[in-house]
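Undergrad: Provided below are the primary sequence and the corresponding predicted coordinates.
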Amino acid sequence: ETGVTQSPTHLIKTRGQQVTLRCSSQSGHNTVSWYQQALGQGPQFIFQYYREEENGRGNFPPRFSGLQFPNYSSELNVNALELDDSALYLCASSLGLGQGSPLHFGNGTRLTVT
Amino acid sequence: DQQVKQNSPSLSVQEGRISILNCDYTNSMFDYFLWYKKYPAEGPTFLISISSIKDKNEDGRFTVFLNKSAKHLSLHIVPSQPGDSAVYFCAAVIMNYGGATNKLIFGTGTLLAVQP
């Protein structure tokens, strides 16, 4: 069983640029969630995709957008990068929705904005 | 507005002793709670969960206790092992609001160090 994989592992961008982060969900999982973890904080929910549709969004501006593909892999796009976007971005997959579907996290992408 | 709080940033325990990690929450609509463990350079790993209709759930060395009236939960690890050294996150879910979702609200984490 292949776990959740994220790419790249590290990324350095300049303020104002755009970035795309990628996530391959665990085999058989149809739900992908993205979280942002700033230094010293817990992960914060960005949004979730279920069967290619957005299913819930956290308190993040519209310049954070995403996609889920037919194979259930996903992308997180961030436009007009700001210094405060520097964080660990975590992707998590699960089988369906509900309490019986614990999230399986990838190892994250460390984004640094200079 | 921090709805899930872990007020102890760190905890140090001797190997073989009990580790108790605490978590408080403010939103009475939370109806499911989870604990995740995170090693450096890895993503969080699910440990154990508890529904709001229960007050205790046990899985091997890990037990989670829920006190709804106090809006408090705790994770007990007995006996503690050096491999348990990691950051532990408490998380909460509202399952019945706005449809099915597994959006988690995380605390800030507690760094557990188990000394050999």
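TA: Happy to help now that I have it.

Undergrad: quickly find the element holding the closest residue to B:C90 other than its chain neighbours.
TA: Leaving aside its sequence neighbours, B:C90 sits nearest to B:C23 (C-beta to C-beta, 6 or more residues apart in numbering or on different chains; 3.4 Å). C-betas here are computed from N, CA, C, even on glycine. Using DSSP states H and E, B:C23 maps to strand B:19-25.

Undergrad: quick one: the helix or strand following that strand to strand B:19-25, angle?
TA: The element immediately downstream of strand B:19-25 (helix or strand, assigned by DSSP H and E) is strand B:32-38. Calculated by axes from the mean of the first three to the mean of the last three C-alpha atoms, to 10 degrees, strand B:32-38 forms an angle of 130 degrees with strand B:19-25.

Undergrad: gap between B:L11 and B:S85?
TA: To B:S85, B:L11 is 10 Å away according to C-beta to C-beta, to the nearest Å.

Undergrad: for B:S80, give me its contacts.
TA: Residues in contact with B:S80 (C-beta atoms under 8 Å, 6 or more residues apart in numbering or on different chains) are B:V13, B:Q14, B:E15, B:G16, B:R17, B:I18, B:S19, B:L112, B:V114.

Undergrad: tell me how far the second one lies from B:L112.
TA: This means B:Q14. 12 Å.

Undergrad: so the two - more neighbours on which side?
TA: Comparing B:Q14 with B:L112 by neighbour count (other C-beta atoms under 10 Å in any protein chain shown), the higher total belongs to B:L112, at 22 against 12.

Undergrad: can you tell me the SS state at that one?
TA: Three-state call for B:L112 (DSSP: H, G, I helix; E, B strand; the rest coil): strand.

Undergrad: just the contacts of B:S80 that are near chain A?
TA: Checked against chain A using C-beta under 8 Å from any C-beta of the partner chain, the contacts of B:S80 yield no neighbours at all.

Undergrad: what's the closest of those residues to chain A?
TA: Distance to chain A across the contacts of B:S80 (C-beta to the nearest C-beta) is lowest for B:L112, with 15.0 Å.

Undergrad: which residues in chain A form strands?
TA: Secondary structure of chain A (DSSP state E): strands at A:5-7, A:10-13, A:19-24, A:31-37, A:44-50, A:53-57, A:64-68, A:74-78, A:87-94, A:104-105, A:109-113.

Undergrad: how many other residues sit next to B:R61?
TA: Neighbour count for B:R61, taken as other C-beta under 10 Å: 14.

Undergrad: and it, its phi and psi?
TA: Dihedral pair for B:R61: phi -80, psi -10, per degrees, to the nearest 10.

Undergrad: and it, what is it in contact with?
TA: For B:R61, the contacting residues are B:I77, B:V78, B:P79, B:Q81, by C-beta under 8 Å, 6+ apart.

Undergrad: top of those by neighbour count?
TA: B:I77 (23 neighbours).

Undergrad: that one: what's it in contact with?
TA: Residues in contact with B:I77, defined by C-beta under 8 Å, 6+ apart, are B:I18, B:S19, B:I20, B:L21, B:R61, B:F62, B:D84, B:L112.
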